[in-house]
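Undergrad: Coordinates for the following, if possible.
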Amino acid sequence: MGWTLTRDLDTFLSDAGPFMHADPAVHTVPLTVTATMRALEPGDREDVLFARWTRGGRVEGVALWTPPRPPLLGCPPDAAGELAGVLPGPVRGVHAAPEAAEAFTDAWRP
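TA: Next up is the predicted model:
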């Protein structure tokens, strides 16, 4: 169980795409953002971070960080808290369901 971070869009979509497509209403924003990125010229994505969270060998959460915007989380609260410990650099906010946002901010606080 844990987070896998990548800057590679194709790897992220290969691993986490089926999870997001299984509930497109919940994952509308990351699906739209990744589809837009795929449609555009590849360009420089060094600042974009994609993440998937697995439990029992299955993807059960995703995150997408496109600075300067806050990270966007689609994961359970326990995963959100764990993500706070593995994201590089300062985070100035988070977009998530209330329970996940609270778990993230609780874990982020020094």
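Undergrad: for the chain, what spans make up the helices?
TA: 9-22, 28-39, 77-84, 98-108 (DSSP state H).
Undergrad: most tightly surrounded among those?
TA: helix 77-84 (a mean of 22; mean count of other C-beta atoms under 10 Å). Where you see a C-beta, it was placed from the backbone N, CA and C, and this is true even at glycine.
Undergrad: C-alpha coordinates for that helix, CSV please?
TA: Backbone C-alpha positions of helix 77-84 (Å, rounded to 0.1, in the frame of the first residue of the first chain) are rendered in CSV as follows:
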residue,chain,number,x,y,z
PRO,A,77,-8.6,10.1,4.0
ASP,A,78,-5.9,7.7,5.1
ALA,A,79,-4.2,8.0,1.7
ALA,A,80,-4.5,11.8,1.8
GLY,A,81,-2.6,11.9,5.1
GLU,A,82,0.1,9.6,3.7
LEU,A,83,0.4,11.8,0.6
ALA,A,84,1.3,14.8,2.8
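Undergrad: Now do that helix against helix 98-108, angle only.
TA: 40 degrees (axes from the mean of the first three to the mean of the last three C-alpha atoms, to 10 degrees).
Undergrad: name the helices or strands packed onto helix 77-84?
TA: On a contact count with 3 or more C-beta pairs under 8 Å, 6 or more residues apart in numbering; DSSP states H and E, helix 77-84 meets strand 2-6, strand 49-55, strand 58-65, strand 72-74, helix 98-108.
Undergrad: Adding distance to Thr34 and mean pLDDT, write those out as a markdown table.
TA: Below are these laid out as a markdown table (distance: least, C-beta to C-beta, whole Å; pLDDT from 0 to 100):
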| stretch | distance to Thr34 | mean pLDDT |
| --- | --- | --- |
| strand 2-6 | 12 | 95 |
| strand 49-55 | 8 | 96 |
| strand 58-65 | 7 | 96 |
| strand 72-74 | 11 | 96 |
| helix 98-108 | 19 | 93 |
